[in-house]
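K.L.:
Can you look at this prediction? I've put the sequence above it.
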Amino acid sequence: MNQLHDHIVKSIDEEQQRLVGELLRMGDMAAAQLEAALDVVERRDDKAAERIVGNDEAIDALEHETSHDVMRLALRGPMARDLRELLAALRIASDIERIGDYAANVAKRSMALNLAPPLPQVRGLTALGAVAGRQLRDVLVAYRDNDADAAERIRARDAVLDMQYTSLFRELLTYMMEDPRSITACTHLLFMAKNIERIGDHVTNIAENVWFRARGEDALPRRERRDGTHAIPPSA
């Protein structure tokens, strides 16, 4: 009986490790998708943007596969610690899938943006995206290492992304008021910047689930939020 129990435990552990590998692969694909989207925005490359939009299906497929694996493991009667692992995996997979969607949206809007003359604010957008991309890659490492302290630090860094987003938002509003001909292109950039800010929110969700996976129900410190765009009046 002990041998059977040990075999079952070992089998569950191996499947959980495979699940971690799937999520890391999925996260790496989403990070690469974001980096590629930022690159095509700068290069104004419609064909590459179309490929990025098409690649989003691969991340969606992995999310479905991960969900299936979680459900299969859950039916094997895991212990409380294992249930935390599975619940965190399910949530993280969903967040990564949304990150892939937002990266694809950036690439899709870049094609519309390319119909207008280049805007100087594109540099601000790619800088914002670079911050989000670093945070995504860092949180994947925290998940791999089951590092709750690193997850907490990454979560706190979302305030920096919020401030950078608010600054770009203000800059784009000002530019549109000074030159109404830029309104269409700037509106595309505003939506793209919002997509990237939302990626940061999903990275924060992943960080919180890394904490939950490692620490259970221990409460995280209150998170500082620095997105000030809701307080900017239309005439700002």
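P.N.:
Cool, the structure landed. Small disclaimer: the values here were computed from a predicted structure and weren't measured.
K.L.:
Mind giving me the packing neighbours of whichever helix in the chain runs longest?
P.N.:
In the chain, ranked by residue count with DSSP state H as the criterion, the top helix is helix 2-43. Judged by 3 or more CB pairs under 8 Å, 6 or more residues apart in numbering; DSSP states H and E, the packing partners of helix 2-43 are helix 46-74, helix 80-113, helix 122-145, helix 183-215. For glycine as for every other residue, the C-beta is placed from the backbone atoms N, C-alpha and C.
K.L.:
Please repeat the previous calculation with a cut-off of 7 Å.
P.N.:
Helix 2-43 sits against helix 46-74, helix 80-113, helix 122-145, with contacts defined as 3 or more CB pairs under 7 Å, 6 or more residues apart in numbering; DSSP states H and E.
K.L.:
deepest of those helices, which one?
P.N.:
Most buried of the helices and strands packed on helix 2-43, by mean neighbour count (mean count of other CB atoms under 10 Å): helix 80-113, with a mean of 21.
K.L.:
need the helix or strand of the protein with the lowest average pLDDT.
P.N.:
helix 2-43 (a mean of 81; mean pLDDT, DSSP states H and E).
K.L.:
closest to residue 217 out of the helices and strands packed on helix 2-43?
P.N.:
Closest to residue 217 of the helices and strands packed on helix 2-43 is helix 80-113 (CB to CB; 9.2 Å).
K.L.:
What is the closest one packed up against?
P.N.:
Counting by 3+ CB pairs under 7 Å, 6+ apart, the packing neighbours recorded for helix 80-113 are helix 2-43, helix 46-74, helix 183-215.
K.L.:
Between helix 183-215 and that helix, find me the angle.
P.N.:
Computed with axes from the mean of the first three to the mean of the last three CA atoms, to 10 degrees, the direction of helix 80-113 lies at 170 degrees from that of helix 183-215.
K.L.:
still on that earlier bit, turn the helices and strands packed on helix 2-43 into JSON lines, columns for mean pLDDT.
P.N.:
Shown next, in JSON lines, are those (pLDDT from 0 to 100):
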{"stretch": "helix 46-74", "mean pLDDT": "90"}
{"stretch": "helix 80-113", "mean pLDDT": "92"}
{"stretch": "helix 122-145", "mean pLDDT": "97"}
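K.L.:
looking at those, which is closest to residue 192?
P.N.:
Relative to residue 192, the nearest member of those by CB to CB is helix 80-113, separated by 5.0 Å.
K.L.:
related to what we said a few turns ago, please render the helices and strands packed on helix 2-43 as a markdown table that adds distance to residue 218 to the earlier fields.
P.N.:
Converted to a markdown table, the helices and strands packed on helix 2-43 look like this (distance: least, CB to CB, whole Å):
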| stretch | distance to residue 218 |
| --- | --- |
| helix 46-74 | 23 |
| helix 80-113 | 12 |
| helix 122-145 | 16 |
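K.L.:
So residue 216 is in contact with residue 85, correct?
P.N.:
No: Residue 216 lies out of contact with residue 85 (CB atoms under 7 Å); the separation is 11.1 Å.
K.L.:
In TSV, list the helices and strands packed on helix 80-113 along with distance to residue 125.
P.N.:
Compiled in TSV, the helices and strands packed on helix 80-113 are given as follows (distance: least, CB to CB, whole Å):
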stretch	distance to residue 125
helix 2-43	7
helix 46-74	14
helix 183-215	6
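K.L.:
Please identify which of these is closest to residue 122.
P.N.:
Judged by CB to CB, the one of these that comes nearest to residue 122 is helix 2-43, at 6.1 Å.
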